[in-house]
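[1] build me a model:
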Amino acid sequence: MGSDIHVTVVGGVPGLIDRARARIDELEGKWSRFRPESEISRLNDAAGAQLQVSDDTKLLLHYAMEAWRITGGGFDPTLLDALQRAGYDRSYDSPGGLDRPAADGADALQVPALAMLRPGVTDIVLATEGVTLPAGMGFDPGGIGKGLTADVTCGLLMDEGARGACVNMGGDLRVLGISPDGAGWTLAIEHPAVPEPIALVGVGEGAVATSSVLRRTWQIGGQARHHLIDPATGEPSTSDLALVSVISGTAWKAEVLAKAVLLRGSERAFDLLDASAVALTVDHDGRVRASDGFVAHLGGVPLPEVLTLTR
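    Numbers count the residues shown, from 1 in each chain. Next up is the predicted model:
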């Protein structure tokens, strides 16, 4: 999934780490758009026709549709064409990365501009006999795939006898049960331009996810690009927010809310949040804000008002 993955298991029988690794590998094999044999790649190739897929992939599509609904379209997993047009057309950790010189003529990226009228999430058909993506749609699991993998793997570990589990999928963390010290979990929220964590948050059972335009970046012809596409424009986001972390009950929901909050920008950042989630935002100048209720996770330690960024 293009990320470092960390799994912590408390108690349970030997071999649970191996079970977690196998389950994560299994889901990546089904969900990666960079693997031509994956179920997601096959669905994209067969767009317009029904295809039978596993229950895992049906679950992913179900939550992707729910994520679109709860964010009012701020999270849209059907923007694969826009991601490819921005240059994210191969794995981020592929040889040579994503940077490339300006291209023209036959060497340019042959990806059509985002259509004004295009199929959306609500046009996906989930049925017992199979799944149908509408013709012309490209589905990208992206962050929700990582978040849901954390949820599924954490649940598996607890079902198989662990007393506690933490699964960190490249910054999308899910925790259940007791931590190694027998209490709740303390999780760090980090900024790539700051040496120390922005905050240490306490979570009993739940999830933390961070979305940022600071890590997955590349250059095309000297122009900076990143992976966070604004559904309203089909282009990389120009939000004044650089990083958002959300605490919620599940990692898939924390992930999609973090992305949607970042896209909304600082003026409307917390409009989408309900009682099940709280958020922290950092703008490009390092100013830190938090939604109501976030302070309850800080153990009495105040948030910094402004970060000193090392550029």
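
[2] all helices for the stretch 201-311 of the chain, in order.
    For the stretch 201-311 of the chain, the helices defined by DSSP state H, counting those that start in this stretch cover 251-264.

[3] what segments of the stretch 51-200 of the chain are strands?
    125-127, 130-132, 164-169, 172-177, 185-189, 199-203 (DSSP state E, counting those that start in this stretch).

[4] pull the residues that contact the first one.
    The contact list for strand 125-127, computed with C-beta atoms under 8 Å, 6 or more residues apart in numbering, reads Gln50, Lys58, Leu61, His62, Met65, Val131, Thr132. Glycine gets a C-beta too; all of them are placed from N, C-alpha and C.

[5] if we go to 6 Å?
    Leu61, Thr132 (C-beta atoms under 6 Å, 6 or more residues apart in numbering).

[6] just the last one next, same as before
    By C-beta under 6 Å, 6+ apart, the surrounding residues in contact with strand 199-203 are Val175, Gly184, Trp185, Thr186, Leu187, Ala188, Ile189, His297, Gly299, Leu303.

[7] tabulate the strands of the stretch 51-200 of the chain in a markdown table, adding columns for distance to Gly293 and mean neighbour count.
    As requested, the strands of the stretch 51-200 of the chain are exported to a markdown table (distance: least, C-beta to C-beta, whole Å; neighbours: other C-beta atoms under 10 Å):
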| stretch | distance to Gly293 | mean neighbour count |
| --- | --- | --- |
| strand 125-127 | 34 | 12 |
| strand 130-132 | 37 | 18 |
| strand 164-169 | 22 | 25 |
| strand 172-177 | 18 | 25 |
| strand 185-189 | 15 | 19 |
| strand 199-203 | 12 | 19 |
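
[8] quick one, what contacts the most centrally placed residue in the chain?
    The residue lying closest to the centre of the chain (C-alpha atoms, centre = their mean) is Gly143, at 2.0 Å. By C-beta under 6 Å, 6+ apart, Gly143 lies in contact with Glu255.

[9] before we move on, back to that, so which of the strands of the stretch 51-200 of the chain is nearest Trp31?
    Ranking the strands of the stretch 51-200 of the chain by proximity to Trp31 (C-beta to C-beta) places strand 164-169 first, at 11.7 Å.

[10] the closest one pairs with which strands, parallel or anti?
    On the basis of DSSP bridges, the sheet neighbours of strand 164-169 come out as strand 5-10 (antiparallel), strand 172-177 (antiparallel).

[11] which residues sit against the first one?
    Around strand 5-10, the neighbours that count as contacts under C-beta under 6 Å, 6+ apart are 16-17, 20, 157, 162-169, 178, 180.

[12] tell me the one of the residues you listed nearest Glu39?
    For the contacts of strand 5-10, the nearest to Glu39 is Met169 (18.6 Å; C-beta to C-beta).

[13] is the closest one in contact with Ala150, as I believe?
    Yes - with contacts counted by C-beta atoms under 6 Å, Met169 reaches Ala150, the gap being 4.7 Å.

[14] stretch 173-180: how far from the chain's middle?
    How far stretch 173-180 lies from its chain's middle: 19 Å, per C-alpha atoms, centre = their mean, to the nearest Å.

[15] would you format the strands of the stretch 51-200 of the chain as a markdown table with mean pLDDT and distance to Ala46 included?
    A markdown table is the format used below for these (pLDDT from 0 to 100; distance: least, C-beta to C-beta, whole Å):
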| stretch | mean pLDDT | distance to Ala46 |
| --- | --- | --- |
| strand 125-127 | 95 | 12 |
| strand 130-132 | 96 | 8 |
| strand 164-169 | 97 | 27 |
| strand 172-177 | 97 | 28 |
| strand 185-189 | 96 | 39 |
| strand 199-203 | 97 | 40 |
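
[16] so can I have TSV of the ones you listed showing distance to Ser212?
    TSV is the format used below for the strands of the stretch 51-200 of the chain (distance: least, C-beta to C-beta, whole Å):
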stretch	distance to Ser212
strand 125-127	31
strand 130-132	31
strand 164-169	15
strand 172-177	12
strand 185-189	11
strand 199-203	15
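
[17] among these, which is nearest Thr308?
    Nearest of the strands of the stretch 51-200 of the chain (C-beta to C-beta): strand 199-203, 15.1 Å.

[18] between that closest one and strand 185-189, how many degrees?
    150 degrees (axes from the mean of the first three to the mean of the last three C-alpha atoms, to 10 degrees).
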